[in-house]
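Asker: Quick one: sequence and predicted model below, then my questions.
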Amino acid sequence: VTGPDLAGRHVVVSAGGTREPLDPVRFLGNRSSGKQGYALARTAAARGARVTLISANTGLPDPAGVDVVRVGTAVQLREAVLKAAADADAVVMAAAVADFRPAAYATGKIKKKDGQEPDPIVLVRNPDILAEISADRARPGQVIVGFAAETDDVLANGRTKLARKGCDLLVVNEVGERKTFGAEENEAVVLGADGSETPVPHGPKEALADTVWDLVVRRLG
Ligand code: C5P
């Protein structure tokens, strides 16, 4: 650990993946484990920060010394992030937020009807929380970090996404077939809105988390 360089700071981290319900028993979801977000929360607490961890559907135990807010959907995640970000020095959006949700919610379990094809699932867009909080900062100087997984042209696509989202830092993970079969490659590049490029070699999620906080601390001044 680097030292208590986040003492007196409030940081908000989102983790996990949202679930968008179709009916009381079914949802559209994703495979995010929440481990990277929890590593960010733990390392920030170890560096002295007050941490609000907004956790979407993770099976992980609450980290010690961290305020945990549990949410389910993207809309609930947005509410929790906006509330916590109001007095935050930094916000890190590590959660995998569903881009779309079912347009309709069936209050009773959807049933199959004999001899009939199923109804199509109609989707509507979810709010882009990262873009929203970046465009409308709750505090001057608040540092905002996003995550992105890219399969090709990682740096170019990352740059485009960073500009589109309007955040200060974007952690870009390369995913896909070029990365060898079965191997859990976890290397990333952290792109800065100032043009900086910080490669993070393959390693534990804590190491990436500490690099993110190093870059945040530098921007907090
Ligand atoms: O656009 P894309 O989903 O690749 O962007 C990923 C980043 O944007 C992540 O930091 C994620 O938490 C955030 N995001 C968001 N709201 C959405 C979709 C993504 O805040 N609706």
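Answerer: Everything's here; your move. Numbering: from 1, shown residues only.
Asker: Toward the C-terminus from the one helix or strand in the chain whose mean pLDDT sits lowest, list the very next helix or strand.
Answerer: Within the chain, no helix or strand scores below strand 169-174, which has a mean of 93 by mean pLDDT, DSSP states H and E. Following strand 169-174 in sequence order, the next helix or strand is strand 188-192 (DSSP states H and E).
Asker: on that earlier part again, quick one, the least confident helix or strand of the chain and strand 188-192 angle?
Answerer: 150 degrees (axes from the mean of the first three to the mean of the last three Cα atoms, to 10 degrees).
Asker: Which other helices and strands does strand 169-174 contact?
Answerer: Using 3 or more Cβ pairs under 8 Å, 6 or more residues apart in numbering; DSSP states H and E, the elements in contact with strand 169-174 are strand 143-150, helix 154-165, strand 188-192, helix 205-220. (Glycine included, C-beta is placed from N, CA and C.)
Asker: which neighbours does it have in its sheet, and in what orientation?
Answerer: Applying DSSP bridges, strand 169-174 is found paired with strand 143-150 (parallel), strand 188-192 (antiparallel).
Asker: Briefly note if it comes near the ligand.
Answerer: No: using Cβ under 6 Å from any ligand atom, strand 169-174 stays clear of the ligand, with a minimum separation of 7.7 Å.
Asker: List the contacts of stretch 52-70.
Answerer: 10-19, 29, 32-35, 37-38, 41-42, 45, 50-51, 71-72, 77, 80-81, 84, 88, 95, 97 (Cβ atoms under 8 Å, 6 or more residues apart in numbering).
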